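In: Need a 3D model of the following:
(3 chains)
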Amino acid sequence: MSNLREELKAQIIEQLNLEDLTPSDIVNDGPLFGDEGLGLDSIDALEFIVLLDTHYGIKVPDPNAAREIFHSVESLASYIEKTKA
Amino acid sequence: MKLVAHSFINASGLYVNGTRQIDLTGEENFLKKAYSELNIDYSKFHKMDNLSKLAFLATELMNEVVSFPAEGEGMQLIFANQSSSKQTDMRFIDSYANQGSPSPSLFVYTLPNIVTGELCIRHKWYGENTFFIQPAFQSAQFIEQAELAFSKGNTQCLCAWVDAKWQGNEECFLFLIDHSEGLLKPTELLEIYKSYTHE
Amino acid sequence: MIPVYVTYGALISPLGETKEMHVLALKANQSGIRKVEKSGFNGEDWYLAKIEGLSENRFDQLFQKGCAALIQSLGKDILSSPSTRVILSSTKANLSDVETDAFESMRRLTIELLAVAHEPIVISNACVSGVLAINTAADLIRTEKCDDVIVIGVDAVFDFVVYGFQSLFAMSDEPCRPFDKHRKGISLGEGFGSVWLSRKQHNDFCVRYLAGSSSNDANHISGPSRTGEGLYRAVKRTLLRAERQPTAIDFISAHGTGTLYNDDMESVAFNRLQMQHIPVNSFKGYFGHTLGAAGVIETYTSLLSMEYNLLFKNEGALEPGTAETINVLTQNQQQEVTCVLKTASGFGGGNAAFLMEKLDV
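Out: Predicted coordinates:
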């Protein structure tokens, strides 16, 4: 399901209004948050909640508890695979 | 007061003190192109709305010819535009009217003064700042506000007219004024602005 | 040094349209916040402080009402005098005109209705707009640019803003409770507030504007600084310029939105400033968060506290609880109110403050 990772990258760019970037700018296991990664922050975490809900029908209960899930494209994909399995 | 330096960006290029440094004509995404030409590594840039990107780039460019005071001490920011955060406002409306749900990452940019916030974060500036709405570029109001800033102990004013009415119409005229002797006239300032916009 | 005096202009809010109505409502701790059914994006019932009877074009109508009240209370002469300037403060202005120009109608209505001699100055700096407008007004008088400045702060409740704060999980599902331990977020409000700054004294009740300042947190565009850096610096500079110590302050009219992080941030800043013992309130429990109008409305109501020597309870705070302890007013308090600190903080990392002091006449 490596397509999921590519799909996620495109969705992240779309949902977070990062039109400057292309999917190839996002590394699978690179951090999404903080200045080391894509520079995302707590507001963007809210966008991930919307993204998971609209595209995958997954409801993340608490924005704070979701930090680990949102760490990278890899962790997001694993979470989706695990939840949908 | 004296004009120390000025920079300008629109779809035609990036300019400092009247000279074009980077040609952006024909670029599909001129803001992205300018960012990559300037060789900056600041991942937050890609998240910014156009208004913030404009002011960010104009400030980076000016920073190559002047040095800003540490912590922005004694430097007041006087920013203005005509259309507030209209471009992002329209996108935010689209997010809830047509895309299914209100977007938080767009909503936080639906304020014009996010521009000054982004610059303060980038440069660690803690000085005074105010964002004005003007029906068009009003050089006299900038100069009057700079006088007020100097009257309470500030020594520099970083001013900007940063406007984005619709796609393709974005512009930022950034200028640094200092307290030293000299009489900067509104007409001079207007002439410089016009020299950039009516090329 | 040219003195600057500050006094009432006009106030239109869910609590009333006159000074007397507001005195009565605040004394009785009446809140203008009500449950508004299906006001949320998904049909949630949020709590809002909306003014009854406003039509579809609520912003313009609110502005017109406010202008009429201003003419009534100040008279036409001062408004149209060549030595008077007007500063408009608004965060979102008339959002229903956003496709053309949201700020056009308030500018036009000011010129038409108040017959002002100069084009109004417009400040839009999120939630600190009102305090910045008052600081700018004082600077204009101090530097002899004019003799009088009418500051008007106005914002209306629009779906746009409700949905936006909802998307940030910042809307409270009960009336907002600023500085309360169990606060859950904001309640949005709308209103028109106006104060009059002048180089002359105009009545027996006389308050002098001392000094003000602003500062950016340089931390985050929407999250308050954990250390309260910007608020700390803005108040520090204000004290320095006003040549006053924290011990001189009788009351702080704080921002207090009712969100977890904002109120914590303010408590941290006030502790760093050695102001934790000074009685403090937020007026948001009465008016909701009126964005660009808030600073002006809260200055108006702080003037009421000074005139009547009566501090108003922080409506909604049953059990104060913030990161650092501050002296939140849990009931009305009759006491001498001579020196007041007004503060505001907002998105974009903005913070602003000023000090005003009552004179014995």
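
In: Using the three-state scheme, assign C:Asp101.
Out: Under the three-state scheme (DSSP: H, G, I helix; E, B strand; the rest coil), C:Asp101 adopts coil.

In: count of residues packed around it?
Out: Using other CB atoms under 10 Å in any protein chain shown, C:Asp101 has 19 neighbouring residues. C-beta here means a position set from N, CA and C on the backbone, and glycine is covered the same way.

In: who are the neighbours in contact with the nearest residue in space to it that is not next to it in sequence?
Out: In space, C:Asp101 comes closest to B:Ser83 once its chain neighbours are excluded; the distance is 6.9 Å by CB to CB, 6 or more residues apart in numbering or on different chains. Applying CB atoms under 8 Å, 6 or more residues apart in numbering or on different chains to B:Ser83 gives the contacts B:163-165, C:101.

In: just the residues you listed now: which is nearest chain A?
Out: Closest to chain A out of the contacts of B:Ser83 is B:Ala164 (14.5 Å), distances taken as CB to the nearest CB.

In: what's near enough to touch the nearest residue to that closest one once chain neighbours are set aside?
Out: Distances taken as CB to CB, 6+ apart place B:Glu170 nearest to B:Ala164, at 4.2 Å, with adjacent residues excluded. By CB under 8 Å, 6+ apart, B:Glu170 lies in contact with B:10-11, B:31, B:50-51, B:54, B:163-164.

In: Quick check, pLDDT for B:Glu170.
Out: As predicted, B:Glu170 sits at a pLDDT of 96.

In: so how far is chain C from it?
Out: From B:Glu170 over to chain C the distance is 17 Å, taken as CB to the nearest CB, to the nearest Å.

In: thinking again about what came up before, filter the contacts of B:Ser83 down to just the buried residues.
Out: Neighbour counting over these (16 or more other CB atoms under 10 Å in any protein chain shown) leaves B:163-164, C:101 as the buried ones.

In: Just the closest of these to C:Thr7, please.
Out: C:Asp101 (32.3 Å; CB to CB).

In: Need the phi and psi values for the most centrally placed residue in chain B.
Out: Central residue of chain B (CA atoms, centre = their mean): B:Ala55, 3.2 Å from the mean position. The phi and psi values for B:Ala55, taken as degrees, to the nearest 10, are phi -70, psi -40.

In: how far out from the middle of the chain is stretch C:303-313?
Out: From the chain centre to the centre of stretch C:303-313 is a distance of 15 Å (CA atoms, centre = their mean, to the nearest Å).

In: Return that stretch as PDB; C-alpha atoms alone will do.
Out: Only the C-alpha atoms of stretch C:303-313 are listed here, as PDB (Å, rounded to 0.1, in the frame of the first residue of the first chain):
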ATOM      1  CA  LEU C 303     -14.300  54.800  32.500                       C
ATOM      2  CA  LEU C 304     -17.600  53.800  34.200                       C
ATOM      3  CA  SER C 305     -15.600  52.100  36.900                       C
ATOM      4  CA  MET C 306     -13.500  55.200  37.400                       C
ATOM      5  CA  GLU C 307     -16.500  57.500  37.500                       C
ATOM      6  CA  TYR C 308     -18.500  55.400  39.900                       C
ATOM      7  CA  ASN C 309     -15.600  54.000  41.800                       C
ATOM      8  CA  LEU C 310     -17.000  50.600  41.200                       C
ATOM      9  CA  LEU C 311     -15.100  47.600  39.800                       C
ATOM     10  CA  PHE C 312     -17.300  45.100  37.900                       C
ATOM     11  CA  LYS C 313     -17.300  41.400  38.600                       C
END
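
In: neighbours around C:Leu318, how many?
Out: Neighbour tally, C:Leu318, other CB under 10 Å: 11.

In: does the nearest residue to C:Ser90 once chain neighbours are set aside count as helix, strand or coil?
Out: Leaving aside its sequence neighbours, C:Ser90 sits nearest to C:Gly292 (CB to CB, 6+ apart; 4.2 Å). The three-state label given to C:Gly292 by three-state DSSP is helix.

In: residue of chain A with the smallest distance to chain B?
Out: A:Gly39 (3.4 Å).

In: residue contacts, that residue?
Out: Residues in contact with A:Gly39 (CB under 8 Å, 6+ apart) are B:42-47.

In: Kindly recompute the last result at 6 Å.
Out: Residues near A:Gly39 by CB atoms under 6 Å, 6 or more residues apart in numbering or on different chains: B:43-44.

In: Which pLDDT value belongs to it?
Out: pLDDT, read off for A:Gly39, is 83.

In: So it versus C:Ile221, what's the distance?
Out: Distance, A:Gly39 to C:Ile221, by CB to CB, to the nearest Å: 12 Å.

In: ditto for B:Phe142
Out: When B:Phe142 is compared with C:Ile221 (using CB to CB), they lie 24 Å apart.

In: which parts of chain A sit against chain B?
Out: Neighbours of chain B within chain A, by CB under 6 Å from any CB of the partner chain: A:16, A:18, A:20-21, A:38-39, A:43-44, A:46-47, A:50.

In: How is the residue of chain C positioned farthest from its centre assigned, secondary-structure-wise?
Out: Here chain C reaches farthest from its C-alpha mean at C:Asn42, the gap being 29.9 Å by CA atoms, centre = their mean. Here C:Asn42 is coil, with the state taken from three-state DSSP.

In: residue contacts, it?
Out: By CB under 6 Å, 6+ apart, C:Asn42 lies in contact with nothing.

In: phi, psi of the closest residue to chain C within chain A?
Out: Proximity of chain A to chain C (CB to the nearest CB) peaks at A:Ile43, 5.9 Å away. Main-chain torsions, A:Ile43, degrees, to the nearest 10: phi -70, psi -40.

In: which ones are touching it?
Out: Each residue near A:Ile43 by CB under 6 Å, 6+ apart is listed here: B:104-105, B:108, C:222.

In: Show me the shaky parts of chain A.
Out: In the prediction, chain A carries residues with pLDDT under 70 at positions A:1, A:62-65.

In: redo that, cut-off 50
Out: Residues of chain A meeting the criterion pLDDT under 50: none.

In: Tell me which stretches of the chain form helices.
Out: With no chain named, the answer covers chain A. A:2-15, A:42-56, A:73-84 (DSSP state H).

In: my bad, chain C
Out: C:19-27, C:58-74, C:76-80, C:104-114, C:129-142, C:159-167, C:229-242, C:260-272, C:284-287, C:294-308.

In: Identify all contacting residues around the third one.
Out: Contact partners of helix C:76-80, identified using CB under 6 Å, 6+ apart, comprise C:84, C:114-115.

In: cool, and the first one?
Out: For helix C:19-27, contacts defined as CB under 6 Å, 6+ apart pick out C:11, C:15-16, C:304, C:312.

In: Quick check: phi and psi at C:Gly40.
Out: phi -90, psi 170.

In: got the contact list for the nearest residue to it once chain neighbours are set aside?
Out: Ranked by CB to CB, 6+ apart and with sequence neighbours excluded, the top spatial neighbour of C:Gly40 is C:Trp46, at 5.3 Å. For C:Trp46, the contacting residues are C:39-40, C:171, by CB under 6 Å, 6+ apart.

In: Which of the contacts of B:Glu170 fall within strands?
Out: Judged by DSSP state E, the contacts of B:Glu170 include B:10, B:163 as members of strands.

In: and of the contacts of B:Glu170, the nearest to chain A?
Out: So of these, ranked by how close each gets to chain A (CB to the nearest CB), first place is B:Leu31, at 7.8 Å.

In: My guess is C:Arg142 contacts C:Tyr5. True?
Out: No: assessed by CB atoms under 6 Å, C:Arg142 is found out of contact with C:Tyr5, at 11.7 Å.

In: Is C:Ile141 in contact with C:Trp196, as I believe?
Out: No: in this structure, C:Ile141 is not within contact of C:Trp196 by CB under 6 Å, at 10.9 Å.

In: pLDDT on stretch C:237-248, on average?
Out: Mean predicted lDDT for stretch C:237-248 stands at 98.

In: Mind listing residues that contact it?
Out: C:210-213, C:274-275, C:339, C:353, C:355.

In: Let's have the buried ones among the contacts of B:Ser83 in JSON lines, adding pLDDT and distance to C:Lys284.
Out: JSON lines is the format used below for those (pLDDT from 0 to 100; distance: CB to CB, whole Å):
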{"residue": "B:Asp163", "pLDDT": "98", "distance to C:Lys284": "32"}
{"residue": "B:Ala164", "pLDDT": "95", "distance to C:Lys284": "32"}
{"residue": "C:Asp101", "pLDDT": "96", "distance to C:Lys284": "29"}
